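Chemist: coordinates only, no sequence provided:
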């Protein structure tokens, strides 16, 4: 009977090894940003050496009605910005189609509760929420529903605040 000599992993084995090697860092990164992650930052926040103060307020303007955008960007970053102490003061503004999505999606509502419990302020544009008929629903969740044109303008003008739009 002929003897076979193995010269290394098969093509299938190499593919599986490479897939695992590529996936491991991505999975670790995703776990670090999950709401369940309880770790704290490894280093203390730094301040500029020239004496200028760094902005310590973050406002996330969430306008998308896309659930994946909510889970994988708006909520993930907002929650971790506060939990990991990247920003001292964090506010999520619910604007446009995001108001309707938050009002009807149970998982997003539960996530919003966790954000509120962690000290994140959640505000919603009253005109938008009214147009979708969800103002009372959002208010019952603990979201501050109010006119947001003037507050958003103030956030944008404040040099101690950074505003990102999602």
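Modeler: Noted; the coordinates are in hand. Nothing here was measured: the structure is a model prediction, and the numbers come from that model.

Chemist: pass me the low-pLDDT residue ranges in this structure, would you?
Modeler: Flagging of the chain using pLDDT under 70 yields the residue ranges 1-52.

Chemist: now do the strands in it.
Modeler: Taking DSSP state E as the test, the strands found in the chain are 57-62, 89-94, 121-125, 144-146, 161-165.

Chemist: can you give the contact residues for the first one?
Modeler: Here strand 57-62 makes contact (C-beta atoms under 8 Å, 6 or more residues apart in numbering) with 70, 74, 77-78, 81, 86-95, 98, 152, 155, 158, 160-166. For every residue, glycine as well, the C-beta is placed using N, CA and C.

Chemist: hmm, 6 Å instead?
Modeler: 74, 78, 81, 87, 89-95, 98, 155, 160-166 (C-beta atoms under 6 Å, 6 or more residues apart in numbering).

Chemist: buried among those residues? Need that as a selection in ChimeraX.
Modeler: Only the buried members of those enter the following ChimeraX selection, criterion being 16 or more other C-beta atoms under 10 Å:
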select :74,78,81,87,89,90,91,92,93,94,95,98,155,161,162,163,166
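
Chemist: can you tell me the number of residues neighbouring residue 149?
Modeler: By other C-beta atoms under 10 Å, 10 other residues sit near residue 149.

Chemist: and what of residue 136?
Modeler: Close neighbours of residue 136, defined as other C-beta under 10 Å, add up to 12.
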